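S.K.: This is the structure alone, sequence omitted:
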């Protein structure tokens, strides 16, 4: 028992001395190209939301989302949101958008690379980062800059009014936008508490062995 | 909103981040090239600056910008900011309109800033003015336009216009159907009128990238009006002021010595002679000038000795280049059939006033029964190649009526290059037309084109001939002596157009010609070469050819 307990103390000491990193993950659909070079933007307002799809493979906590926005905003706030895709990996119906939103925030783009802080936990799956207006109290208008340099093969999505007056989910497949999402690994036990748990577990094991011997 | 570094510093985190990016695989397709375009259709409306209609368009460089808000209109001394905008000289609304907004009602009510004409609430104490009302006309002339733009400052629109503060009025474009079309396709927010000033010159520029010529003898013999210039100010040409011109824009409209239709001799270069820069009439009917008499074929011509009859032109047009490449084209116009078949009726001793040309109502505006056909909106009719006696078949093949456009669209028989000019009632020109009638006509035409069997390979460009005297805040790129001038709206509508795109590429009216030229590998008109050389010298880039608005492979 003593030796076992000694090993337990050593393990606990090791855990305490080696902190667990809050691993950061950064997702981006494209790298930055200045608007003056790109030559245009895709508007977003209460008739169109724009965004990109990202996948996460383990629990992660949101820290921010962002993108490259036009300088031609109207000075009012838009929303940024992270929305969980459906089981079919599609955007939810517009009527389900709010319910499918993991987290959202308002901000006012003024042009260039900008992000907005978000909180919330993402479990493994696919998500869309969306920007738009007319929801969550946003009333502004802006745009995402065109012709960004793609990273991999990004997937872009939109909700757009096709003339019927109702927004409908759609693909956006004729240009590259810069949309970003930043996360850290979902909360894990602190090293000290993890060490105590390990000690407790080992004590229980030791107690069990002693009981068996008796 | 601080932007976080995209890449975490540790290699392990880098790997983790990219491993987590599991994008959906997408089918990749090869984009067709420009040869996929089989039809280019230009719908040419009237007299609106970009900010006048699209100044609040999302994602566009408009009136919400800091640059626009910083502009204050200054007085005629070029430096004193106006305390308020001048009143609308002779009123905000055109004659016969209801409600009528008078000059007195607009005195000392408009702050020195853009204001919404069609606001739904009574902002200025004269009631509301819906966009169905025809507002007054505004100066839109070659030299005045340059004086108003003032070398890019855009701060003398009120000073050098004839309409007081009306120049700063704008409409809520989101009330129009065209706004929604723009949202579905591409809106160009950096597109400039090809030439400073008015409709006559910009229609000419649209088809030839040139300024019409007049020989000195005709200028003299016909007593044509030649503009009188003073000394340029900061490189901007100035019309000479009459001694009776009020010193302040708040006291009255400016009075120039002579703002003529012809630029001073050699204005465009030593030995160049005379060129027409403001409204002249075609030498062939339909013209604003009656025939000289009913003898022989004279009824087919305008009086050649009239001071405003422009001698037949011979510079190369885009039509000539298309003919040379055996590419079909046509200019369709509302009111063409009636105006060209019955321009003026001979009563036995003289010609009656026309009921088909400039046929306004008693107030001088258009309405459903007074279509107000505009003879100077028919640019090809100024060219010798369209002589009604020498070239009747050629003329008939290329100059057509609106009804032909709709028939050809429905039948899938539109020629490769199409220009469409709505009649006065439906062209959105302040002074005789409102916003909504043109909006309905343009959108109806777009729908007809979308239903055409040719739609899948079509590019439609809806643009305006010129600014109409109305403020726009965007500094005009420095070009040549012709233009470009004030910024105007342009919308690219096509299955190939980028959707919901705001195109910031620098364009001008002749970008339409650049697209046509590129598509069919035509020779480049001299005016395009000159413009691109001038703009490249000042901005580093030539004018765009509209392909940035398209998803075609470049």
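M.R.: Now that the structure is in, tell me what you want to look at. Here the structure is a predicted model, which means the values were calculated and not measured.
S.K.: how many neighbours does the residue lying closest to residue B:335 once chain neighbours are set aside have?
M.R.: Once flanking residues are discounted, residue B:335 sits nearest to residue B:373: 3.5 Å by CB to CB, 6 or more residues apart in numbering or on different chains. Bear in mind the C-beta positions are built from the backbone N, C-alpha and C, glycine included. Neighbourhood size, residue B:373 [other CB atoms under 10 Å in any protein chain shown]: 28.
S.K.: Quick check: residue B:403 vs chain A, distance?
M.R.: To chain A, residue B:403 is 27 Å away according to CB to the nearest CB, to the nearest Å.
S.K.: Equivalent analysis for residue B:143, please.
M.R.: 32 Å.
S.K.: Report the rounded mean pLDDT for stretch B:243-251.
M.R.: Per-region confidence: stretch B:243-251 scores 98 on mean pLDDT.
S.K.: Break down chain B into its strands, ranges please.
M.R.: All strands of chain B, identified by DSSP state E, fall at B:39-45, B:115-116, B:169-170, B:186-188, B:191-192, B:213-214, B:274-275, B:329-333, B:399-401, B:417-421, B:458-464, B:490-493, B:501-503, B:507-508.
S.K.: Give me the neighbour count for residue A:153.
M.R.: As a burial measure, residue A:153 scores 12 neighbours (other CB under 10 Å).
S.K.: who's in contact with the closest residue to residue B:144 other than its chain neighbours?
M.R.: Computed as CB to CB, 6+ apart, the closest residue to residue B:144 that is not its neighbour in sequence is residue B:160, at 5.2 Å. With contact taken as CB atoms under 8 Å, 6 or more residues apart in numbering or on different chains, residue B:160 is in contact with B:76, B:139, B:144, B:147, B:148, B:254.
S.K.: Likewise for residue B:305?
M.R.: B:221, B:222, B:292.
S.K.: do you know how far residue B:273 is from chain A?
M.R.: Residue B:273 sits 39 Å away from chain A, going by CB to the nearest CB.
S.K.: Leaving out the residues flanking it, which one is nearest to the residue of the stretch 351-500 of chain B found nearest chain A?
M.R.: Going by CB to the nearest CB, chain A is nearest to residue B:500 of the stretch 351-500 of chain B, at 5.3 Å. Nearest non-adjacent residue to residue B:500, counting by CB to CB, 6+ apart: residue A:42, 5.3 Å away.
S.K.: how near is that neighbour to residue B:338?
M.R.: As for residue A:42, its distance to residue B:338 is 44 Å (criterion: CB to CB, to the nearest Å).
S.K.: These two: which is more packed in?
M.R.: The neighbour count for residue A:42 versus residue B:338, taken as other CB under 10 Å, is higher for residue A:42 (26 against 19).
S.K.: For the more buried one, pull up the helix or strand it's in.
M.R.: Per DSSP states H and E, residue A:42 falls inside strand A:40-44.
S.K.: Give me the sheet partners of that strand and which way each runs.
M.R.: With DSSP bridges as the test, strand A:40-44 is paired with strand A:142-145 (antiparallel), strand B:501-503 (antiparallel).
S.K.: Deepest-packed of those, please.
M.R.: Ranked by mean neighbour count, the strands paired with strand A:40-44 are led by strand A:142-145 with a mean of 31 (mean count of other CB atoms under 10 Å in any protein chain shown).
S.K.: which residues touch that strand?
M.R.: Here strand A:142-145 has contacts from A:33-35, A:38, A:40-45, A:50, A:67-70, A:72-74, A:78, A:109, A:131, A:177-179, B:58-59, B:502, using CB under 8 Å, 6+ apart.
S.K.: so of those, which ones are in helices?
M.R.: Residues of those located in helices (DSSP state H): A:35, A:38.
S.K.: before we move on, the earlier item: of all the strands paired with strand A:40-44, which lies closest to residue B:195?
M.R.: Each of those has some distance to residue B:195 by CB to CB; the shortest is strand B:501-503, at 21.5 Å.
S.K.: how about stretch B:528-548: buried residues?
M.R.: B:528, B:530-532, B:534-535, B:542-548 (16 or more other CB atoms under 10 Å in any protein chain shown).
S.K.: Out of those residues, which two sit at the greatest distance?
M.R.: Across the buried residues of stretch B:528-548 (CB to CB), the longest gap, 22.2 Å, separates B:530 and B:548.
S.K.: how about the closest residue to residue B:280 other than its chain neighbours, what does it touch?
M.R.: Using CB to CB, 6+ apart and skipping the chain neighbours, the partner closest in space to residue B:280 is residue B:310 (3.9 Å). The neighbours of residue B:310, taking CB under 8 Å, 6+ apart as the test, are B:212, B:214, B:276, B:280, B:281, B:282, B:283, B:382.
S.K.: quick one on the thing from earlier: how close does the residue nearest to residue B:500 sit to residue A:132?
M.R.: Applying CB to CB to residue A:42 and residue A:132 gives a distance of 12 Å.
S.K.: who touches both of those two?
M.R.: A:48, A:50.
S.K.: pLDDT weak spots in chain A?
M.R.: Residues of chain A meeting the criterion pLDDT under 70: A:1-22, A:187-214.
S.K.: contacting residues for the spatially closest residue to residue B:105 that is not a sequence neighbour?
M.R.: With sequence-adjacent residues excluded and distances taken as CB to CB, 6+ apart, residue B:105 is closest to residue B:126, at 4.0 Å. Residue B:126 is in contact with B:92, B:99, B:101, B:102, B:105, B:106, B:109, counting by CB under 8 Å, 6+ apart.
S.K.: For those, which entry has the maximal number of neighbours?
M.R.: Among the contacts of residue B:126, residue B:92 has the most neighbours (other CB under 10 Å), with 28 neighbours.
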